[in-house]
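[1] I would like to see how this sequence folds:
(chains A and B)
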Amino acid sequence: MSYFSELGLAEPILRALEAKGYTDPSPIQRKAIPALLEGRDLLGIAQTGTGKTAAFALPSLHRLAHDPKPRNNAGCRMLVLSPTRELAAQIADNMRGYAKFLNLSVQCVFGGVPVGKQARALERGTDILVATPGRLLDLIDQRALTLRHVEIFVLDEADQMMDLGFIVPLKRVAALLPKSRQSLFFSATMPQAIAELGKQFINNPVKVEVAPQATTAERVEQYATFINQAEKQALLTIKLREGLAPDAGDNAEHGAIDRALVFTRTKHGADRVVRHLTAAGIPAAAIHGNKSQGQRTAALGGFRQGTVRVLVATDIAARGIDVSGVSHVYNFEIPNVPEQYVHRIGRTARAGADGIAISYVAPDEKPYIRDIERLTRIKLDALALPEDFQKQAARLPAPSRKAPAQPQGSSKPRGQQARGGQRSDERRHDRPHGERPRHDAPHGERRGEHGSEDGGQRKRRFRSRAPKTVGAHKSAVRRAG
DNA sequence: AAAAAAT
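    Numbers count the residues shown, from 1 in each chain, chains lettered A, B, ... in the order given. Just a heads-up that it's a prediction; the model follows:
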């Protein structure tokens, strides 16, 4: 009953899906695709890992292919905006895959890399353009790009795109779009105030919601360890070493780590964690906005390939990034905007797999946990420190300290990042991580006490969540402080 | 208050 072939998508698109082994549309795809094929605007609210990208890509490609038009110089027919460069690249990759058998070109532009090549690629125009806001406007100012011919406008991670730092460029972009167009907004969370703001860019949208707002990804086991900030690093090192060990399946408290994603609150913090892990012999890479684009791409690429199994990130990686085999998410610090927690733990348990999320909670972070529990309607299970924690911690090596008094904010050359020495033959992965778990695979035992006991009541309970006033983000912070 | 995004 529910095959892509029954949704009325063009044959070349079905062939591309077949090549990828996709036959069943996900719930959001099933709901969104018919409305989008009709040309309706859409507000899509869906958990991460539910197939949002295909939900907008497939019907859009169908419509573009069905109504072929010659390319306009510096023009594009479909524009997709993303809040981070990595997510933009990922979306473009996916769209190229779906468009494989169509005569539609996909281009991707973002900052941090030379602009010339991008401008040249747009000279003759493209059908589909995926972009981050800054570089997009840059190219427009250079007259290398015009939005005059856009027929379909997609805003991914719409709530973040309408947040303070992004709203100004977004308004500029929106003003340059033709009034007559199809607009699609997607997000895993959609705070009320943001939804209001969105109305000015979108016209009588169909609302597609496949899960109650901000429910945490299903199948993620969620825990909290209460610990002093100063002891977090030692605990993380111990737990990663345990989980990465070859015999981890039998011994580690939370099973073997395939890949672990560690979130910190600051860029500096991410670097510091990587330094400690490296000193302890655990290969790790950091990704954040102060790294060069080359370093960012290398870090994410190595994590994808499995050459580096621990990635330490700021919230740059909290949204959208789709890496299979992320078995564990560690919140080294707790996000103070509760929605961000939902995005972070959504990096695990993707596409039908299981996942574990462990939050390290310092005393002053407890209020954030309360906000998160209120938002998600899930109580995090407390996880005690190992009994011999102090003893184990004492044995850990200290990272080499270059300058005694940290040269705060000094702009040291970013050179010493050179990665890739580690030549360990002891852990060879003959089986590639790329293999995706199948949707129909039995998940069995994992459900635990966190399962959603009653899908029916979730909605009502969510609605009872307290203040629906202006600035949901801000109010969460205030409650905490 | 932090992070992201243009140079």
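[2] Show me which positions of stretch A:94-113 end up buried.
    Applying a neighbour-count criterion of 16 or more other C-beta atoms under 10 Å, one finds A:94-96, A:98-99, A:102, A:104-110, A:112 buried in stretch A:94-113. Every residue, glycine included, has its C-beta placed from N, CA and C.
[3] do the same with stretch A:228-248
    Neighbour count says stretch A:228-248 has A:231-244, A:248 buried, by 16+ other C-beta under 10 Å.
[4] Could you confirm whether that stretch reaches DNA strand B?
    No: Stretch A:228-248 stays clear of DNA strand B (C-beta under 7 Å from any atom of the strand), getting no nearer than 14.6 Å.
[5] Also stretch A:266-275?
    Yes: counting by C-beta under 7 Å from any atom of the strand, DNA strand B is contacted by stretch A:266-275 at A:266, A:267, A:268, A:269.
[6] What strand or helix carries residue A:278?
    helix A:267-279 (DSSP states H and E).
[7] circling back: among the buried residues of stretch A:228-248, which lie within strands?
    In strands, defined here by DSSP state E, there are no members of the buried residues of stretch A:228-248.
[8] Just the ones of the residues you listed in helices?
    A:231-244, A:248 (DSSP state H).
[9] With adjacent residues omitted, what lies nearest to the closest residue to DNA strand B within the stretch 1-150 of chain A?
    Proximity of the stretch 1-150 of chain A to DNA strand B (C-beta to the nearest atom of the strand) peaks at residue A:134, 1.8 Å away. For residue A:134, ignoring the flanking residues on the chain, the nearest one in space by C-beta to C-beta, 6 or more residues apart in numbering is residue A:111 at 5.2 Å.
[10] wait, what's in contact with that neighbour?
    A:85, A:132, A:134, A:135, A:138, A:293 (C-beta atoms under 8 Å, 6 or more residues apart in numbering).
[11] cutoff 7 Å now
    A:85, A:132, A:134, A:135 (C-beta atoms under 7 Å, 6 or more residues apart in numbering).
[12] hang on, the first one packs against residue A:108?
    Just to be clear, that refers to residue A:85. No: counting by C-beta atoms under 7 Å, residue A:85 does not reach residue A:108; the two are 9.0 Å apart.
[13] So what would you say the end-to-end distance of stretch A:158-169 is?
    Chord length of stretch A:158-169, first to last residue, is 13 Å (C-alpha to C-alpha, to the nearest Å).
[14] Do it and DNA strand B come into contact?
    Yes: counting by C-beta under 7 Å from any atom of the strand, DNA strand B has neighbours in stretch A:158-169: A:163, A:164, A:165, A:166.
[15] Whichever of those end up buried, select them in ChimeraX.
    What follows is the ChimeraX syntax selecting those of the residues of stretch A:158-169 next to DNA strand B that are buried according to 16+ other C-beta under 10 Å:
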select /A:163,166
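[16] for the residues of stretch A:158-169 next to DNA strand B, which one is nearest DNA strand B?
    Using C-beta to the nearest atom of the strand, these come closest to DNA strand B at residue A:165, 2.3 Å.
[17] Please identify the helix or strand for that closest one.
    Counting by DSSP H and E, residue A:165 is found in helix A:164-176.
[18] What helices and strands are in contact with that helix?
    Helix A:164-176 is packed against helix A:133-141, with contacts defined by 3 or more C-beta pairs under 7 Å, 6 or more residues apart in numbering; DSSP states H and E.
[19] Now the helix it packs on: buried residues?
    Buried-residue list, helix A:133-141, by 16+ other C-beta under 10 Å: A:133, A:135, A:136, A:137, A:138, A:139, A:140.
[20] Can you pull the residues of the stretch 301-450 of chain A lying near DNA strand B?
    Residues of the stretch 301-450 of chain A lying near DNA strand B (C-beta under 7 Å from any atom of the strand): A:314, A:315, A:316, A:336, A:337.
[21] farthest-separated two in these?
    Based on C-beta to C-beta, the longest span within those runs between A:316 and A:336 and measures 16.4 Å.
[22] residue contacts, the residue of the stretch 301-450 of chain A found nearest DNA strand B?
    Using C-beta to the nearest atom of the strand, the closest approach of the stretch 301-450 of chain A to DNA strand B is made by residue A:316 at 3.4 Å. Residues counted as contacts of residue A:316 (C-beta under 7 Å, 6+ apart) are A:84, A:287, A:288, A:289.
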